[in-house]
Every structure is written in C-alpha cells, then in structure tokens.
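Asks: Have a look at this prediction, sequence included:
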Amino acid sequence: MSLSSNIDTFFEKINDVYNTSVPFVVFRKPNDTKITALYQNSSALYLLKSFEESGFIFSPFNKNESKILLPSNNCNKFSAVIEKDFNVSKIVSEFKFDENLEAKNQHMSIVQDAIDFIHTNQAKKIVLSRGEKVSCNEIEVFNVLKKMLNSYKNAFVYLWFHPKVGLWMGATPERLISIDKQLNLKTMALAGTQKFNGTLEVKWEEKELLEQQYVTDYILENIKDNTYKIETKGPYTTKAGSLLHLLTDISATLKAPNLLGNLINALHPTPAICGIPQNIATEFILKNENYNRAFYSGYLGELNINDATNLFVNLRCMQIKENKANLYIGGGITNKSIAENEWDETVAKAEIMKQVL
Ligand SMILES: C=C(O[C@@H]1C=C(C(=O)O)C=C[C@H]1O)C(=O)O
C-alpha cells in the first residue's frame, strides 16, 4: 500500500525506519518532485532471481555477482511531494580526505597502463576509477540527502540501506533504462566531461566526442535485437552539478515485456562505465583497479513497479560507514587521454559529493 504524507512527516517516518535497522531505500527521480520510500518488513537479504520480479533492485558492477532486491511484496511504501528546497545548514562539515600524492600517483599510473594497453590496439576505451575516503566530524545522512535533493534536481538521488550490506547514497546523472506500460523505452549515452564555467555553449575535443560515440554505438547495437522504432537525439551538452557531459538520448519500443532481462543484460556494463570491447575492458578493470567497485557503476532503481522500470547507473555515489564517506569516481580512458587530466577529472567528480557532506 502506498501512502502520501507531507514532507516533514515523510522524514520523521524514514528516520524511524532507519532506527529499526530494516532494509530501505529513499529515492527521487530526475526532475521530479515526488520522493518515495520503500522499506522491508524484515531484515532478510533477498537476491534477485529473475527480471520478472517486482521491487527495488541494487546491482553491483560485476555482472557475475548477486543483485539485491527489496521485493515489492515484502515492502511498505510511502511518498511525499517536495514543494520547496529543504532548509539545511549551509555549514560545510569539516573533513579530511586522503587526496594525497600517493593516491594521485597510483591513479595516474594505472591510467598510463591503460593508455599504453589501448595503444596495442587490444581495446579502444577503458573506464578506470578509484575510491577516496573522506573523514567527517559527523555525517547526518538525511541532511546529506536533503542537500543532494536541493542541489542535483536533474539527477536520480537516493539513499539505500541494508543492515547486511551497508549504506549507499548518490546523485547520478545517468539513466540505464526506463520502460513504461506501453513498452516505450528510454536510455542514454552519456560520456565526456568538462567543468561547467557558466555556459552550455562549449567546445568538445575529439577525445570526448569519440568516447561518447563509442557509448552510443554500443547501445544502438545492443538494443536492436529486442526493440524496434529506435530514435536518437544528440549528442548535446548536459549539466550534472558543476560538470558538463555529452549526451545522446535514445528511445525505442521493446518487442515484448519478457525481453526486459535480456535487454538489461545486453546493456550493462556500457562503455560509459566499462569500455570497448567489454570483455577486455572488464578484465583490465578487475585486474588493475586496486580496490573493489562493489555497487559503484552497477545500477539501481524500480523494477516492474506499477508495470514500469526505471534503472540508473550508480555514479556520483558514496558508501557511508559511521563518520567516513567512501567516494567512488572514474573516467573514460582512450588513446587520446593524458593521465594528469584524468586524475583532475576524478577530483572534479569527487567534488560533487564533497559539496553535500
Ligand atoms: C565513470 C563516471 O562517469 C562516467 C564517465 C564519464 C567520462 O568519462 O567522461 C562521464 C560520465 C559517465 O558516463 C563517474 O562519474 O565515476
């Protein structure tokens, strides 16, 4: 059953849920004013068995690992409308982070290895990432969530918790796939990054144009067996917080409802977060990134809820443990990449989360 309440009651209720330590998720879709909470009536860990199930899915990056589901039939739901920005303290929490020379050298070194590997023509693009730990004096997760909701209106903003897994939150600009009752499908090719300096009228270099084109080509190739009426719009410049990306919107119609699982498996992981060719890029990532991506660059969202599916790629996200935030950030490497610029890109992406901590 879904209940609608006012926004203060909504946060009181979700705070109570959090205090009972049951699995839950709070989310708001891009450019929407509705915020929804879903919480389980036990602390069981449910793993997805089939893409025909209904609930909120939380999938790791690695395709071979289990996906977690908060199943609709074991969950309660409530929602509210956000009418205005939240009143949140403007005080930025005091924090230290380990953005030291060692982290920089380490990241630049694996980026350089990827550039060299790409020059051997075994891969065209590899997305490399890193984790960064931020220690705060205090993290009040619902306050952080409210800041994200205020600041990142065109992102999918969420807070996900499972007592057996941990607490994740993020504000992602990237839709993996949305499908409505009529089987109309929306996805996107998002890649290429530069800082926003007051205008969307910017020039993109060949490196960014190419790395984004790889994503568009891959998506079009991989949806074609299961869809028809494919249309594209773009690439155009889009803003995500203080960053700009290149975006191509892709729409189509799914041939039959039972093809959803095939389609998700055909899409994830796209070259926006993995690379080209997928198997070689995945192998390079798993072998060379010296940390576990876990749920970063996996996907999450509503699966078959009211006959609709809305999944997003888990980017601009962090895992919170007590007063530490573990940020996850990455970027696409091609033969035109420069290691130091790739480092700077991850620093800029980390800023998106540091701003709300
Ligand atoms: C990998 C990330 O972002 C992805 C990589 C981008 C890039 O390489 O320019 C841009 C947007 C996303 O597709 C991230 O935010 O961690």
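Replies: It's in.

Asks: so where's the stretch 1-150 of the chain shaky on pLDDT?
Replies: In the predicted model, the stretch 1-150 of the chain carries pLDDT under 70 at residues 1-4, 90-99.

Asks: Strands of that one, residue ranges please.
Replies: In the stretch 1-150 of the chain, strands defined by DSSP state E, counting those that start in this stretch lie at 2-5, 24-28, 34-40, 55-59, 68-71, 75-81, 95-97, 125-136, listed in chain order.

Asks: Pull up the residues of this structure that are close to the ligand.
Replies: 127, 129, 174, 190-193, 245, 272-273, 315-316, 329-332, 349 (C-beta under 6 Å from any ligand atom). No exception for glycine: its C-beta is placed from N, CA and C like everyone else's.

Asks: Filter those residues down to just the ones in strands.
Replies: Using DSSP state E, the subset of the residues of the chain next to the ligand located in strands is 127, 129, 190-193, 245, 329-332.

Asks: Which member of the residues you listed is positioned nearest Phe142?
Replies: The shortest approach to Phe142 among these belongs to Ile329, at 23.5 Å (C-beta to C-beta).

Asks: ok now do that closest one, which residues does it touch?
Replies: Residues near Ile329 by C-beta atoms under 8 Å, 6 or more residues apart in numbering: 129-130, 132, 316, 346, 349-350.

Asks: ok, now Pro269?
Replies: Residues near Pro269 by C-beta under 8 Å, 6+ apart: 61, 63, 278, 282, 297.

Asks: Same check on Tyr296?
Replies: 61, 129, 131, 314-315, 317, 328, 330 are the contacts of Tyr296 under C-beta under 8 Å, 6+ apart.

Asks: Can you check the pLDDT for it?
Replies: pLDDT recorded at Tyr296 is 98.

Asks: residues touching the closest residue to it other than its chain neighbours, list them.
Replies: Spatial nearest neighbour of Tyr296, excluding adjacent residues (C-beta to C-beta, 6 or more residues apart in numbering): Tyr328 at 3.5 Å. Contacts for Tyr328 (C-beta under 8 Å, 6+ apart) come out as 129-131, 293, 296-297, 317-319.

Asks: quick one: Tyr328 from Tyr152, how far?
Replies: The spacing between Tyr328 and Tyr152, counted by C-beta to C-beta, to the nearest Å, is 16 Å.

Asks: Repeat that for Tyr299.
Replies: Distance, Tyr299 to Tyr152, using C-beta to C-beta: 18 Å.

Asks: When those two are compared, which one has more neighbours?
Replies: Per other C-beta atoms under 10 Å, whichever of Tyr299 and Tyr152 has more neighbours is Tyr299, with 27 against 22.
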